[in-house]
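K.L.:
fold the following, please.
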Amino acid sequence: MTSRSDRPYDIVVFGATSFVGEILCRYLVERHGTDGDLAWAIAGRNEAKLAAVAEATGADVVRIVADAGDADAMAELAESTRLVISTVGPYALYGSELVAAVAAAGTDSVDLTGEPQWMQRMIDTHSATAETSGARIVHTCGFDSIPSDLGVWFTQGQASARFDEPCTTIAMRVKAMKGGASGGTIASMINVVDETKADPELRTTLANPYALAPEGMRSGPRQPSVMRPTKDPVSGEWVAPFVMAGINTKVVHRSHAVLDRPWGAGFTYDEAMLMGDSPLGAAKAAALVGGLGGLMGLAALGPARGLLNKMLPKPGEGPSPEQQESGFFDLRFFGTTAGGGTITAKVTGDRDPGYGSTAKMLAESATTLLATDRDETTGTPGGFWTPATAMGDRLIEALVAHAGLTFEVLES
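P.N.:
As a prediction, this is how the structure comes out:
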């Protein structure tokens with residue numbers, strides 16, 4: 001295994017030709033340049049597409065041709081760099097060889113997967129190897145699930161400072177959000193549906209909020225879950241399901257478990273979308289539930305896939321630059337402590353959540369992880385981590401300073 005200090009690159013962007021990969025490259029050029037202190041390269045399976053991305057984004061850096069399915073190529077890539085940023089999804093189809101390679105090589109890794117069934121497989125298969133080699137592997141470093149994971153981390157820190165105890169329950173509510181869909185996200189969703197049809201037991205994993213916790217910690221108290229239009233006692237508004245709650249809640253509960261459950265064995269967390277407190281809010285919530293049900297129904301029915309493909313973006317497609325610029329998100333975290341203290345935190349971000357903002361979150365996660373001590377007692381040693389447990393407040397500081405996010409407590 002090549003010593004990390006001898007490797008030519010600090011970061012390799014694998015999947016630079018993907019939709020979010022190109023946005024990420026443009027951001028890295030703006031933020032770090034191509035000949036500064038950060039030595040980085042781009043990688044993908046097609047030389048011509050890599051050249052096109054380099055020209056379009058100004059990423060005049062080394063280009064590495066490597067196929068995600070080639071174990072030898074992934075091993076060579078992993079041993080050439082201190083950290084890999086991967087945007088190659090669906091990760092269940094194209095991400096496993098890279099995780100095996102970085103775990104073996106002691107190479108750090110961040111990605112933007114939202115596929116819990118694949119994450120669980122990677123954690124169970126490669127944790128011991130990563131812990132031995134020193135590789136820090138951090139999934140979900142985009143809109144799923146940094147705002148949720150760090151939003152809970154921030155809320156708990158503020159609650160402990162104010163009340164001298166953490167929140168025993170937190171409810172995240174999406175106040176407002178604007179952004180477009182991407183073909184890559186749709187492809188990942190369809191792959192999860194296909195995997196579940198092939199292996200019905202995966203439904204248990206997808207339904208378990210503790211599925212990503214370390215083995216032996218994959219159970220706990222029943223968690224609240226908004227699945228239908230509901231008048232929310234937390235916010236006083238009508239709420240509807242949030243499509244990303246299924247992954248975000250699992251990441252939050254993994255963070256809690258990895259930290260050895262400092263918020264209490266009975267800690268609960270859920271997510272939903274605010275629809276308003278009027279009868280119109282109830283109607284909007286019902287319409288959203290119906291739309292989500294129809295979308296999942298089309299994804300599950302083979303004959304309907306053609307219609308779905310015509311309706312939604314294809315892989316490599318996504319929101320326009322103008323849509324990315326005009327996008328945003330506004331999340332609220334309602335927390336309550338055992339002693340009755342209440343706190344409301346607000347997390348916002350500029351740009352389209354899933355792409356413009358995600359690219360910045362992914363880049364800041366990479367550079368923050370690189371700057372994080374690897375020591376067993378003072379830093380983040382090898383293993384599988386979440387954004388909160390790997391980087392915590394340091395990542396919040398980087399996101400606020402550079403990536404257009406805000407974290408604040410709302411005074412009542």
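
K.L.:
ranges for the strands of the stretch 51-200 of the chain?
P.N.:
63-65, 81-86, 108-111, 136-138, 167-178 (DSSP state E, counting those that start in this stretch).

K.L.:
hey, which of these is tucked in deepest?
P.N.:
strand 108-111 (a mean of 29; mean count of other C-beta atoms under 10 Å). (C-beta placed from N, C-alpha, C; glycine too.)

K.L.:
only C-alpha atoms, please: export that one in PDB.
P.N.:
Extracted C-alpha coordinates of strand 108-111, given in PDB (Å, rounded to 0.1, in the frame of the first residue of the first chain):
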ATOM      1  CA  ASP A 108     -10.500   8.700   2.600                       C
ATOM      2  CA  SER A 109     -13.700   8.900   0.600                       C
ATOM      3  CA  VAL A 110     -16.900  11.000   0.500                       C
ATOM      4  CA  ASP A 111     -19.900  10.500  -1.800                       C
END
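
K.L.:
what pairs with that strand, parallel or antiparallel?
P.N.:
Here strand 108-111 is paired, per DSSP bridges, with strand 81-86 (parallel), strand 136-138 (parallel).

K.L.:
export these to TSV and tack on mean pLDDT and distance to residue 64?
P.N.:
Shown next, in TSV, are the strands paired with strand 108-111 (pLDDT from 0 to 100; distance: least, C-beta to C-beta, whole Å):
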stretch	mean pLDDT	distance to residue 64
strand 81-86	98	9
strand 136-138	98	20
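
K.L.:
and this protein, what are its domains?
P.N.:
Here the domain parsing of the chain from automatic domain parsing is 4-142+356-401, 146-352.

K.L.:
most tightly surrounded among these?
P.N.:
domain 4-142+356-401 (a mean of 21).

K.L.:
re the thing from before, which of the strands of the stretch 51-200 of the chain sits closest to residue 374?
P.N.:
Among the strands of the stretch 51-200 of the chain, the nearest to residue 374 by C-beta to C-beta is strand 136-138 (7.3 Å).

K.L.:
re the thing from before, okay if I get the strands paired with strand 108-111 as CSV plus distance to residue 156?
P.N.:
Below are the strands paired with strand 108-111 laid out as CSV (distance: least, C-beta to C-beta, whole Å):
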stretch, distance to residue 156
strand 81-86, 27
strand 136-138, 19
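
K.L.:
touching stretch 87-97 from outside, list them.
P.N.:
The contact list for stretch 87-97 (C-beta atoms under 8 Å, 6 or more residues apart in numbering) reads 13-16, 18, 20-21, 24, 68-71, 74, 86, 98, 111-113, 115, 117-118, 121-122, 184, 187-188, 191-192, 195, 362.

K.L.:
recalculate using a threshold of 7 Å.
P.N.:
With contacts defined as C-beta atoms under 7 Å, 6 or more residues apart in numbering, stretch 87-97 is touched by 14-15, 18, 20-21, 24, 68-69, 71, 74, 86, 111-113, 115, 117-118, 184, 187-188, 191, 195.

K.L.:
low-confidence stretches in the protein?
P.N.:
Scanning the chain for pLDDT under 70 picks out the ranges 1-2, 181-186, 293-316, 412.

K.L.:
what's opposite the closest residue to residue 158 other than its chain neighbours in the beta bridge?
P.N.:
Computed as C-beta to C-beta, 6 or more residues apart in numbering, the closest residue to residue 158 that is not its neighbour in sequence is residue 409, at 5.2 Å. Assessed by DSSP bridges, residue 409 has beta-bridge partners residue 345.

K.L.:
what about residue 409, how many neighbours?
P.N.:
Residue 409: 17 surrounding residues under other C-beta atoms under 10 Å.

K.L.:
how about it, what does it touch?
P.N.:
So residue 409 contacts 158, 343, 345 (C-beta under 7 Å, 6+ apart).

K.L.:
and it, how far from residue 343?
P.N.:
6 Å (C-beta to C-beta, to the nearest Å).

K.L.:
what touches both of the two?
P.N.:
residue 158.

K.L.:
please identify which of the strands paired with strand 108-111 is closest to residue 397.
P.N.:
Per C-beta to C-beta, nearest to residue 397 of the strands paired with strand 108-111: strand 136-138, 16.7 Å.

K.L.:
wait, what's in contact with residue 330?
P.N.:
Listed by C-beta under 7 Å, 6+ apart, the contact partners of residue 330 are 175-176, 348.

K.L.:
contacts for the helix or strand residue 384 falls within next, please.
P.N.:
Taking DSSP states H and E as the definition, one finds residue 384 inside strand 383-385. Strand 383-385 has contacts (C-beta under 7 Å, 6+ apart) with 123, 127, 130-131, 136-138, 258.

K.L.:
chain center to the helix or strand following that strand, what's the gap?
P.N.:
Per DSSP H and E, the first helix or strand lying C-terminal to strand 383-385 is helix 387-402. Centroid separation between helix 387-402 and its chain, computed with C-alpha atoms, centre = their mean, to the nearest Å, is 14 Å.

K.L.:
how about the helices in the stretch 101-250 of the chain?
P.N.:
116-133, 146-163, 183-198, 202-207, 245-258 (DSSP state H, counting those that start in this stretch).

K.L.:
as a markdown table, those helices with distance to residue 281 would be great.
P.N.:
Shown next, in a markdown table, are the helices of the stretch 101-250 of the chain (distance: least, C-beta to C-beta, whole Å):
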| stretch | distance to residue 281 |
| --- | --- |
| helix 116-133 | 30 |
| helix 146-163 | 23 |
| helix 183-198 | 26 |
| helix 202-207 | 27 |
| helix 245-258 | 19 |
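
K.L.:
what's the closest of those to residue 224?
P.N.:
helix 245-258 (9.6 Å).

K.L.:
out of the contacts of strand 383-385, the closest to residue 246 would be?
P.N.:
residue 123 (16.9 Å).

K.L.:
contact partners for that closest one?
P.N.:
If you count contacts by C-beta under 7 Å, 6+ apart, then residue 123 has 212, 384 around it.

K.L.:
contacts for the host helix or strand of residue 275 next, please.
P.N.:
Secondary structure assignment for residue 275, by DSSP H and E: strand 268-276. Here strand 268-276 makes contact (C-beta under 7 Å, 6+ apart) with 148, 152, 169-175, 221, 223-226, 232, 235, 237-242, 245, 248-249, 252-253, 281, 284-285, 288.
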